[in-house]
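Engineer: My questions are about this predicted structure, shown below with the sequence.
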Amino acid sequence: MHPRSTDPQTPAAWTRATTEPSQLGESPFWHPDERRLYWVDIAGRALLRLDPASGPVDRWAMPTEPGCMAPARRAGAPDGFVIALRAGIFRARTWGGALEPIADLPFDPATQRANDGKCDALGRFWVGTVHEPTEGPRQPVGALYCVDARGPGAATVRKVLDGVATANGLAWSPDGATLYWSDTPAHAVRAWECNADREPVGEPRVLRRFDPKPAGWKPGQPGYGGRPDGAAVDAEGAYWCALYEGGRVQRLSPAGEVLADIALPVRCPTMPCLGGDDGRTLYVTSAREGRPAHELAELPQSGCVFALRVDVPGLPVAWFEDGRAAG
Ligand SMILES: O=C1O[C@H](CS(=O)(=O)O)[C@@H](O)[C@H](O)[C@H]1O
């Protein structure tokens, strides 16, 4: 299946990669050495992994909500994972092993948590946050933090961007010259030019703005295309974007044109990644948490992970480089 269609009604040949749904699946990545798909269940407070060749899903319960995770290396050798939990960054040397706190995130975990994030090609872990107010709508108090442990000393945390309610859609162009980042409720993905250190500089451009909900719209009614959630960039520099509550993913050119618009059998896809041995399997996580009962009855696979063969491979997963002196 090599989808190029921009017809959102095009039924794609998705296969369901998992039968057990997550409450809020996010942060998928393909581990090239283990040949496994990893992802998190934020609301389900767990990390999950799947060997597509054999089938069973392994689940590792977390003490608080995991927003995102990435594979880690030490001295160039695979060394477990880096994990952003509600308000802190942890290292795990093995699946199911001890969680070593390596840095706090500087906000009140009672009203904010780690959300979408991934590593850059230089080995740093970038983590965006989401506002979770005790009442009222989310406010633009979220930010994007860069966690750096490449040196021998303690890991450092630096706020790089801010002003979002739901940080999402983090990805870089293949050459690292562009950083993409979205604020889901703002219905827009923005793009920053980066310096040689892959740091965003100056004011962003809008990669794509998505239509907001029509006045009076209710879930399940036609007329709403969704809002930008997680994302991945492929080897041609195209930006795959999950459209939460839009029931689809779009493949956007670096100029923001729609190259593909592919419907899924769920309303709330959350994040794509490209994996498989040839990098040409598009995996998409999804959500069921907080969805209306009629939607879950109509779309019972909500929360599952889906797979689709595509013709442009993804970029290799970026690793967290841990240069700290061994504890
Ligand atoms: O990434 C996320 O996005 C979803 C979508 S939305 O912000 O509600 O529109 C959000 O529910 C979820 O909590 C967050 O992790």
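Structural biologist: Okay, I see it.
Engineer: Which elements pack onto the least confident helix or strand in the chain by mean pLDDT?
Structural biologist: Lowest on mean pLDDT, DSSP states H and E among the helices and strands of the chain sits strand 15-16, with a mean of 88. Contact here means 3 or more Cβ pairs under 8 Å, 6 or more residues apart in numbering; DSSP states H and E; on that basis strand 15-16 packs against strand 306-309. Yep, even glycine has a C-beta here, placed from its N, CA and C like the rest.
Engineer: Can you tell me what sits against the strand it packs on?
Structural biologist: For strand 306-309, contacts defined as Cβ atoms under 8 Å, 6 or more residues apart in numbering pick out 1-3, 12-17, 52, 262, 264-266, 269, 280-284, 286.
Engineer: make it 10 Å
Structural biologist: Residues outside strand 306-309 that contact it (Cβ atoms under 10 Å, 6 or more residues apart in numbering) are 1-3, 12-18, 37, 50, 52, 249, 262, 264-266, 269, 272, 275-276, 278, 280-286.
Engineer: now these: which count as buried?
Structural biologist: 3, 12, 14, 17-18, 37, 50, 52, 249, 262, 264-266, 269, 272, 275-276, 280-286 (16 or more other Cβ atoms under 10 Å).
Engineer: In strands only, show me these.
Structural biologist: 37, 50, 249, 262, 269, 272, 275, 281-286 (DSSP state E).
Engineer: For the residue in the stretch 1-150 of the chain positioned nearest to the ligand, give me its contacts.
Structural biologist: Proximity of the stretch 1-150 of the chain to the ligand (Cβ to the nearest ligand atom) peaks at N115, 4.8 Å away. For N115, the contact set (Cβ under 10 Å, 6+ apart) comprises 26-27, 42, 65, 67-68, 84, 127-132, 142, 144, 164, 166-168, 170, 184, 229-230.
Engineer: next one: C194
Structural biologist: Going by Cβ under 10 Å, 6+ apart, C194 touches D120, W172, S173, D175, G176, A177, T178, L179, P200, V201, G202.
Engineer: How about G202?
Structural biologist: Counting by Cβ under 10 Å, 6+ apart, G202 makes contact with W192, E193, C194, N195.
Engineer: what pLDDT does the nearest residue to Q23 once chain neighbours are set aside get?
Structural biologist: Leaving aside its sequence neighbours, Q23 sits nearest to A43 (Cβ to Cβ, 6 or more residues apart in numbering; 3.8 Å). pLDDT for A43: 98.
Engineer: I'd assumed S22 was in contact with A43.
Structural biologist: Yes - counting by Cβ atoms under 10 Å, A43 touches S22, with 7.9 Å between them.
Engineer: any common contacting residues for the two?
Structural biologist: Common neighbours of A43 and S22, counting by Cβ under 10 Å, 6+ apart, are A287, R288, E289, G303.
Engineer: Quick check: phi and psi on the second one?
Structural biologist: By that I understand R288. Torsion angles at R288 (phi, psi; degrees, to the nearest 10) stand at phi -130, psi -20.
Engineer: Next, count neighbours for it.
Structural biologist: 23 (other Cβ atoms under 10 Å).
Engineer: quick one, what contacts it?
Structural biologist: By Cβ under 10 Å, 6+ apart, the neighbours of R288 are 21-25, 43-44, 266-268, 295-296, 299-304.
Engineer: Give me the subset of the contacts of N115 lying in strands.
Structural biologist: 26-27, 68, 84, 127-131, 142, 144, 164, 167-168, 170, 229-230.
Engineer: Within range of the ligand, give me the residues from the protein.
Structural biologist: Residues of the chain lying near the ligand by Cβ under 6 Å from any ligand atom: 24, 26, 42, 115-116, 130, 166, 168, 184-185, 227, 229, 244, 270.
Engineer: got CSV for those, with distance to R91 too?
Structural biologist: Formatted as CSV, those follow (distance: Cβ to Cβ, whole Å):
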residue, distance to R91
L24, 23
E26, 20
I42, 19
N115, 19
D116, 20
V130, 23
T166, 26
N168, 24
T184, 28
P185, 32
R227, 32
D229, 26
Y244, 30
T270, 25
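Engineer: Give me the buried subset of those residues.
Structural biologist: Buried by 16+ other Cβ under 10 Å: 24, 26, 42, 115-116, 130, 166, 168, 184-185, 227, 229, 244, 270, out of those.
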